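**Student:** make a model of this:
(2 chains)
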2 protein chains.
Amino acid sequence: MELEINKELFEHIELLIQNQNDTAILEMLADEHHADIAEILDELSLDNATYIIKLLDSEKTSDILMELDEDIREKILGNLSAKEIAEELEELDSDDAADILGELSEERQERVISQIDDDELAADIKELLTYEDDSAGSIMAKELVKVNENWTIPRCIKEMRLQAEEVTRVHSIYVINDAEQLIGRLSLKDLLIAPAKGNISKIVRPKVDSVNVIENVEEVAKIMQKYDLEAIPVVDDKMILLGRITIDDIVDVMKEEAEKDYQLAAGISQDVEADDSIWELTKARLPWLVLGLFGGLGSVFIMESYEDIMANPTLGRLFFFTPLIAAMAGNVGVQSSAIIVQGLANDVVKGSLFNRLLKEVGLSLINGIVLGILVIIFGIITKMTFTFSLTIAISMLCVIIVAALIGTFVPIVLDKRGIDPAIATGPFITTSNDIFGIFLFFYIAKLMLGF
Amino acid sequence: MELEINKELFEHIELLIQNQNDTAILEMLADEHHADIAEILDELSLDNATYIIKLLDSEKTSDILMELDEDIREKILGNLSAKEIAEELEELDSDDAADILGELSEERQERVISQIDDDELAADIKELLTYEDDSAGSIMAKELVKVNENWTIPRCIKEMRLQAEEVTRVHSIYVINDAEQLIGRLSLKDLLIAPAKGNISKIVRPKVDSVNVIENVEEVAKIMQKYDLEAIPVVDDKMILLGRITIDDIVDVMKEEAEKDYQLAAGISQDVEADDSIWELTKARLPWLVLGLFGGLGSVFIMESYEDIMANPTLGRLFFFTPLIAAMAGNVGVQSSAIIVQGLANDVVKGSLFNRLLKEVGLSLINGIVLGILVIIFGIITKMTFTFSLTIAISMLCVIIVAALIGTFVPIVLDKRGIDPAIATGPFITTSNDIFGIFLFFYIAKLMLGF
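**Tutor:** Residues are numbered from 1 along each chain as shown, chains lettered A, B, ... in the order given. Model prediction:
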């Protein structure tokens, strides 16, 4: 991290590119980490970024491509020929190569694959592209170190050394039988402190966690976290070893998942970033605002049905409290659903639905009574009649209880039906709770004040 | 994962404990992973869980303790003597031991430390307890494999084998000089494929990323993710090697961080879970609801100042739209702030504040115009006058623009002042935007309709 990434640096690089001073550029970037170079390229113009990609050798640029912002990578790949892309892919692990290739059109994918000289890699990439998104197969790498159970320890060490040159991080050595089925594992450490002679079966650890190739990636993340694994082998239904998933892939999955949940809670429906175009951001945000608009227009209808009481100097004041009621209903609903959504993700939501709802009622009673007392104090200060304050307080209490129940009930039901419960937090809950809240508020006020 | 964790299992275990059938319990749990046993203990009564902890040997129970729910661990530790806790800690890595110890009272910490036989571990734990929460030092482990630059390769392999027995996962071998300063690293693979003779300096990789012991953990997480590291050495100001942080610690940091941000966005102010007590949940939720209540009461004041127009059959209808306006202001504000908060976390918020605000204005204009057209269509359907519909649409557009500006501005300012911007999303933004929104709505309506 010797280079400071700032405006002067960009201007300097732009000048060097303009003067085609390749030697100086190469020298400047020679010792830089590919992640840092990617950060620089993300900020340069497309032409300049492409210039640098074509200038550096593919061993370095392949890693840089992996780190680039997706939009920018797409554009740069558009500037490269199928042959050039194939050369980049040959430097990457199969999972990374498949990820990049997956971003191209099908027609282009085929042209690039036909240009890959390494037949094994080409076959691996083709295989990886067949797995469903979000399946273990879609994030696994084909590269791993495996040894046969019948080999001697010296042969294992020799074979392992050969294979290890192709594998970025070894983690575990997988032991297979003649049918290519996973039957155990060895750690590098086991091999390092193993006796010099004897058969591998002496030191193999027969207990090895694995996941099926069609397992959902979030489930894989949970298993790896629970058992503190840094790599997990991927097998098919017959236990044949197909690949492995490493913890860095899982870190990416977790991060994406957390960002998606956060955005859903905030009413943003696709994976966008602050730097995306206005059009992308509008597509992600507008639908939820339209939902909120319909909710708001719905409550207009409810209030219209109480139009008669507006002229009444006391009863008309109820309308002043509608934003308060809507806000409380929304806030309580979001709180309840967020806790449930997170609990479902962490598998801590146990016990019956009935008990869960009962707990929420208890919680809402406590919160609602405290808030109700505050409303009554506000009423005393602002000289409202006690009946009126009490009406606001009690109807607010009922609204809070119902909002909490909706916030708890909806994500649990969605989850049971196999729908991501995270979608229930945010605008969905606030909007439905706004309408319910205002409806309930006027209904209870009507009962209490008798209009 | 042979045991299925269900009601029958718990009843079976409870029965075995009641009958003190230790052999059967030991046999049943012998092959279970510590994470699975922890999951079982989380559900048992405190006495039963303690019974099992005392029954199993400390090599296994120490790992189980680490995986337990924090509340339950605290209670079980309360049932163990200082000597028993010390025995558990001796089986753990220094970072895990320090984490568990940190949960005890200071007085109890000292008693436990005095019972630890391994003086080196005791010293390591004491050192780790001195680091600030959220600093690299607080999550690093003292266990690592280090070799001196002057050693020969065979000596390195020999020393490394000795040290590796103490270290759960080796990852990298750190190379230090005589002053204990970090000067490079080796991978296990390097050592495996190294020539049998020669000095270590021949194969050392001089470029090694490291973090300072006082660096913030979130910063460490960012560095490890950016450079795809599975372990990073921790040094002091003089580059003396103090410990190392592994990716599994970072996974925990990321998860906590994501959950905290999600909860803040949902108006939950501390780390709670669905299974926590009603009291814990109330403490986390009530403060935000009180904030929302004050916001709502604030808007009551604003509306009171327009009390006169209530009796007017046209103007009075403006009050029907206050929940809609408040909802739109809240939703837009949360969307804007969530994108900024996430952008700040990922370092993608670049460019000047002015440009950022300008972009939000553009975005709000598009969203606001589309939503405004929908309001006018709604007005035509429900036979509102065009002037009235237009008033609602235009004031809503203004509210949306202001809400987006507040949602963008507040987190950026908080971040610049070193306050976690995540606090700005959720109830904070919705409440302030509710008030601003309703104020602006009536103000613009007044200008347009002339009352």
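**Student:** what's the helix or strand for the closest residue to chain B within the stretch 301-450 of chain A?
**Tutor:** Nearest residue of the stretch 301-450 of chain A to chain B (C-beta to the nearest C-beta) works out as residue A:324 at 2.7 Å. For every residue, glycine as well, the C-beta is placed using N, CA and C. Taking DSSP states H and E as the definition, residue A:324 sits inside helix A:322-345.
**Student:** for residue A:60, what are its contacts?
**Tutor:** Contacts of residue A:60 were listed using C-beta atoms under 8 Å, 6 or more residues apart in numbering or on different chains, and they are A:34, A:37.
**Student:** name the residues of the helix or strand it falls within that are buried.
**Tutor:** According to DSSP H and E, residue A:60 maps onto helix A:58-67. Using 16 or more other C-beta atoms under 10 Å in any protein chain shown as the test for burial, helix A:58-67 gives A:58, A:60, A:61, A:62, A:63, A:64, A:65, A:66, A:67.
**Student:** closest to chain B out of those residues?
**Tutor:** residue A:67 (8.1 Å).
**Student:** state the distance from the closest one to residue A:31.
**Tutor:** 17 Å (C-beta to C-beta, to the nearest Å).
**Student:** please apply the same query to residue A:129.
**Tutor:** Distance from residue A:129 to residue A:31, by C-beta to C-beta: 35 Å.
**Student:** of these two, who's got more company?
**Tutor:** Shown here are residue A:129 and residue A:31; by other C-beta atoms under 10 Å in any protein chain shown, residue A:129 has more neighbours (17 against 10).
**Student:** gap between that one and residue A:95?
**Tutor:** For residue A:129, the distance to residue A:95 (C-beta to C-beta) stands at 11 Å.
**Student:** next one: residue A:145
**Tutor:** 16 Å.
**Student:** swap in residue A:382?
**Tutor:** 64 Å.
**Student:** care to break chain A down by domain?
**Tutor:** As recorded under automatic domain parsing, the domains making up chain A are A:7-139, A:145-246, A:278-449.
**Student:** so which helix or strand takes in residue A:178?
**Tutor:** Using DSSP H and E, residue A:178 falls outside every helix and strand.
**Student:** that one: what's it in contact with?
**Tutor:** With the criterion set at C-beta under 8 Å, 6+ apart, residue A:178 makes contact with A:148, A:150.
**Student:** thinking again about what came up before, select from the domains of chain A the stretch with the lowest mean pLDDT.
**Tutor:** Among the domains of chain A, domain A:145-246 has the lowest mean pLDDT, at a mean of 87.
**Student:** next, the angle from the helix holding residue A:324 to helix B:322-345.
**Tutor:** For helix A:322-345 against helix B:322-345, the angle by axes from the mean of the first three to the mean of the last three C-alpha atoms, to 10 degrees is 40 degrees.
**Student:** after helix A:322-345 comes which helix or strand?
**Tutor:** helix A:353-381.
**Student:** quick one: that following helix near chain B?
**Tutor:** Yes - against chain B, helix A:353-381 shows contacts by C-beta under 8 Å from any C-beta of the partner chain at A:356, A:359, A:362, A:363, A:366, A:367, A:370, A:371, A:374, A:375, A:378.
**Student:** ok, and the closest non-adjacent residue to the last one?
**Tutor:** Looking back up the chat, that one is residue A:378. residue B:297 (5.5 Å; C-beta to C-beta, 6 or more residues apart in numbering or on different chains).
**Student:** what strand or helix carries residue A:383?
**Tutor:** Under DSSP H and E, no helix or strand contains residue A:383.
**Student:** dihedrals phi and psi, it?
**Tutor:** Here is the backbone geometry of residue A:383 (degrees, to the nearest 10): phi 60, psi 40.
**Student:** about what we covered before: winner for burial among the domains of chain A?
**Tutor:** Of all the domains of chain A, domain A:278-449 carries the top mean neighbour count, a mean of 20, counting by mean count of other C-beta atoms under 10 Å in any protein chain shown.
**Student:** sorry, back to before: how about TSV for the domains of chain A, with distance to residue B:405 added?
**Tutor:** Below are the domains of chain A laid out as TSV (distance: least, C-beta to C-beta, whole Å):
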stretch	distance to residue B:405
domain A:7-139	26
domain A:145-246	36
domain A:278-449	15
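**Student:** for residue B:273, which of those domains is the nearest?
**Tutor:** Closest approach to residue B:273 among those (C-beta to C-beta): domain A:278-449, 5.4 Å.
**Student:** what about that closest one, distance to the chain center?
**Tutor:** On the basis of C-alpha atoms, centre = their mean, to the nearest Å, domain A:278-449 sits 28 Å off its chain's mean C-alpha point.
**Student:** straight-line length of it, end to end?
**Tutor:** Taking C-alpha to C-alpha, to the nearest Å, domain A:278-449 runs 49 Å from one end to the other.
**Student:** surely residue A:207 forms part of a helix?
**Tutor:** No - counting by DSSP: H, G, I helix; E, B strand; the rest coil, residue A:207 is located in no helix; its state is coil.
**Student:** contacting residues around it?
**Tutor:** Per C-beta under 8 Å, 6+ apart, neighbours of residue A:207: A:184, B:31.
**Student:** so how far is residue B:154 from it?
**Tutor:** Note on residue A:207: its distance to residue B:154, by C-beta to C-beta, is 33 Å.
**Student:** residue A:291 too?
**Tutor:** 69 Å.
**Student:** mind listing the strands for chain A?
**Tutor:** Counting by DSSP state E, the segments of chain A that form strands are A:145-148, A:172-176, A:182-187, A:211-212, A:231-235, A:241-246.
**Student:** describe which strands the first one pairs with in its sheet and in which direction.
**Tutor:** In other words, strand A:145-148. Strand A:145-148 has its sheet partners listed here by DSSP bridges as strand A:172-176 (parallel).
**Student:** CA atoms only for the partner strand, dumped as CSV, please.
**Tutor:** Extracted in CSV, the C-alpha atoms of strand A:172-176 (Å, rounded to 0.1, in the frame of the first residue of the first chain):
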residue,chain,number,x,y,z
SER,A,172,-7.3,-29.7,3.7
ILE,A,173,-6.2,-32.7,1.7
TYR,A,174,-9.1,-34.8,0.8
VAL,A,175,-8.9,-38.6,0.8
ILE,A,176,-10.9,-40.5,-1.8
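**Student:** distance from that strand to the middle of the chain?
**Tutor:** Centroid separation for strand A:172-176 versus its chain: 30 Å, with C-alpha atoms, centre = their mean.
**Student:** sorry, back to before: next, the angle helix A:353-381 makes with the helix holding residue A:324.
**Tutor:** Here the directions of helix A:322-345 and helix A:353-381 differ by 150 degrees (the same axes, to 10 degrees).
**Student:** got the CA coordinates for helix A:322-345 in CSV?
**Tutor:** Extracted as CSV, the C-alpha positions of helix A:322-345 are listed here (Å, rounded to 0.1, in the frame of the first residue of the first chain):
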residue,chain,number,x,y,z
THR,A,322,-53.0,10.3,12.7
PRO,A,323,-49.3,10.8,11.8
LEU,A,324,-48.4,9.8,15.4
ILE,A,325,-50.5,6.7,15.2
ALA,A,326,-49.2,5.7,11.8
ALA,A,327,-45.6,6.3,13.0
MET,A,328,-46.0,4.2,16.1
ALA,A,329,-47.7,1.4,14.2
GLY,A,330,-44.9,1.5,11.6
ASN,A,331,-42.0,1.6,14.1
VAL,A,332,-43.4,-1.2,16.3
GLY,A,333,-44.1,-3.4,13.3
VAL,A,334,-40.5,-2.9,11.9
GLN,A,335,-39.0,-3.6,15.4
SER,A,336,-41.0,-6.8,15.8
SER,A,337,-40.4,-8.1,12.3
ALA,A,338,-36.6,-7.2,12.4
ILE,A,339,-36.2,-9.3,15.5
ILE,A,340,-38.1,-12.2,14.0
VAL,A,341,-36.2,-12.0,10.7
GLN,A,342,-32.9,-12.0,12.4
GLY,A,343,-34.0,-14.8,14.7
LEU,A,344,-35.1,-16.9,11.8
ALA,A,345,-31.7,-16.3,10.1
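**Student:** would you mind finding the longest helix in chain A?
**Tutor:** helix A:386-416 (DSSP state H).
**Student:** from the contact counts, what lies against that one?
**Tutor:** Helix A:386-416 sits against helix A:322-345, helix A:353-381, helix A:427-449, with contacts defined as 3 or more C-beta pairs under 8 Å, 6 or more residues apart in numbering or on different chains; DSSP states H and E.
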